[in-house]
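**Q** Make a model of this:
(2 chains)
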Amino acid sequence: MDAPEARYAPPPGQAAIVEALKRGDERTFSGLVAEFSPSMLRVARTYVSSRAVAEEVVQEAWLGVISGIGRFEGRSALKTWIFRILANIAKTRGEREGRSVPFSSVGGREGEGEAAVDPDRFLDAGRWAGHWTSAPSRWPELPEEQLVGREKVGVVEAAIAALPEVQRTVITLRDVEGWSSEEVRNALDLSETNQRVLLHRARSKVRKSLEGYLDGVQT
Amino acid sequence: MSDQQLTCEELVEIVTEYLEGGLSDAERERFEEHVVVCSGCANYLDQIRMTIELAGRVTIDDLMEETKIELLAAFRDWRRE
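**A** Residues are numbered from 1 along each chain as shown, chains lettered A, B, ... in the order given. Modelled structure (predicted):
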């Protein structure tokens, strides 16, 4: 039995935002620039060689949004549309820099052959093979206030910065920016498995860094 | 211990799939049964959750102010056309 084709429903409030943009409402435009640009920079950075070029790519993408908004018909999410423009510009720019590599294959390779936890942490023989030799400890609860625990956030930030490019992009969009896995897959053109493997490797490594910091465990 | 049970070493590799809701019902059950009896893995799961929460407190790089100003000017020009 064929399911009826799912009809795309834009997120609530999108029509009003698009209308405001078409009308030339500056606050709406500035709001979108503020909301999306950090993620756009991160995505652009996976295609081009430097932070400075990424900034140019994002700027160019917004100019593309301005000139194209009149033709936007709301058949996809505005966010998806904006990130498609961004990805096209970033890819072209990356190719011109001779840097471009097929995204999903890089993503695949970045995820392979790494254990989430050092194999030495598990028994390798006997009845309890595969069980912890030194079990993870219980970490103190995080304080509610955002200002407390800045050092831990700093450790996480540094660990994310040290990740391979695509893993860093995936964890930034998912866990720092709070995107859904579907949004990340669309923006980066990744398969479901690939996205999950990249996120898994990234989170595992960041956890490991935190463990090193909190428990003094050598990583 | 039957072969059906997850080892800790296996569990840490499917923790993301668990959190993403990607496990089958049977796999999820095996996962949860393990965590109930293994404090090391229960702590590990908490640590991953805390890692995600801390990542949510990281602020990320933004456009330079002058770029934002240029973009707003471009938007104004477009509106005037």
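
**Q** Show me where chain A has its helices.
**A** A:14-23, A:26-45, A:51-68, A:78-96, A:103-111, A:150-161, A:165-171, A:181-188, A:192-215 (DSSP state H).

**Q** Deepest-packed of those helices, please.
**A** Most buried of the helices of chain A by mean neighbour count (mean count of other Cβ atoms under 10 Å in any protein chain shown) is helix A:165-171; its value is a mean of 25. Backbone N, C-alpha and C define where each C-beta goes, glycine included.

**Q** Is that helix in proximity to chain B?
**A** Yes. Residues of helix A:165-171 are located near chain B by Cβ under 8 Å from any Cβ of the partner chain, namely A:I171.

**Q** Now name the helix or strand holding the spatially most central residue of chain B.
**A** Taking Cα atoms, centre = their mean, the centroid of chain B lies closest to B:I52, which sits 5.3 Å from it. If you go by DSSP states H and E, B:I52 is part of helix B:39-55.

**Q** hmm, who's touching the helix or strand following that helix?
**A** Next helix or strand after helix B:39-55 toward the C-terminus (DSSP H and E): helix B:65-80. For helix B:65-80, the surrounding residues in contact (Cβ atoms under 8 Å, 6 or more residues apart in numbering or on different chains) are A:24, A:26, A:29-30, A:33-34, A:37, A:55, A:58-59, A:62-63, A:66-67, B:63.

**Q** try it again with 7 Å
**A** For helix B:65-80, contacts defined as Cβ atoms under 7 Å, 6 or more residues apart in numbering or on different chains pick out A:G24, A:E26, A:F29, A:S30, A:V33, A:E55, A:Q59, A:W62, A:L63, A:I66, A:S67.

**Q** before we move on, back to that, contacts for the helix holding B:I52?
**A** For helix B:39-55, the surrounding residues in contact (Cβ under 7 Å, 6+ apart) are A:132, A:135-139, A:142, A:152-153, A:156, A:160, A:171, A:175-176, A:203, A:206-207, A:210-211, B:8, B:11-12, B:15, B:34-35.

**Q** got a list of what A:E192 touches?
**A** Contact analysis of A:E192 by Cβ under 7 Å, 6+ apart lists A:R185.

**Q** Buried residues, the helix holding B:I52. List them.
**A** By neighbour count on 16 or more other Cβ atoms under 10 Å in any protein chain shown, the buried set for helix B:39-55 is B:40-45, B:47-52, B:54-55.

**Q** need those residues in JSON lines with pLDDT, can you?
**A** Formatted as JSON lines, the buried residues of helix B:39-55 follow (pLDDT from 0 to 100):
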{"residue": "B:G40", "pLDDT": "96"}
{"residue": "B:C41", "pLDDT": "97"}
{"residue": "B:A42", "pLDDT": "97"}
{"residue": "B:N43", "pLDDT": "97"}
{"residue": "B:Y44", "pLDDT": "98"}
{"residue": "B:L45", "pLDDT": "98"}
{"residue": "B:Q47", "pLDDT": "97"}
{"residue": "B:I48", "pLDDT": "98"}
{"residue": "B:R49", "pLDDT": "97"}
{"residue": "B:M50", "pLDDT": "95"}
{"residue": "B:T51", "pLDDT": "96"}
{"residue": "B:I52", "pLDDT": "97"}
{"residue": "B:L54", "pLDDT": "94"}
{"residue": "B:A55", "pLDDT": "95"}
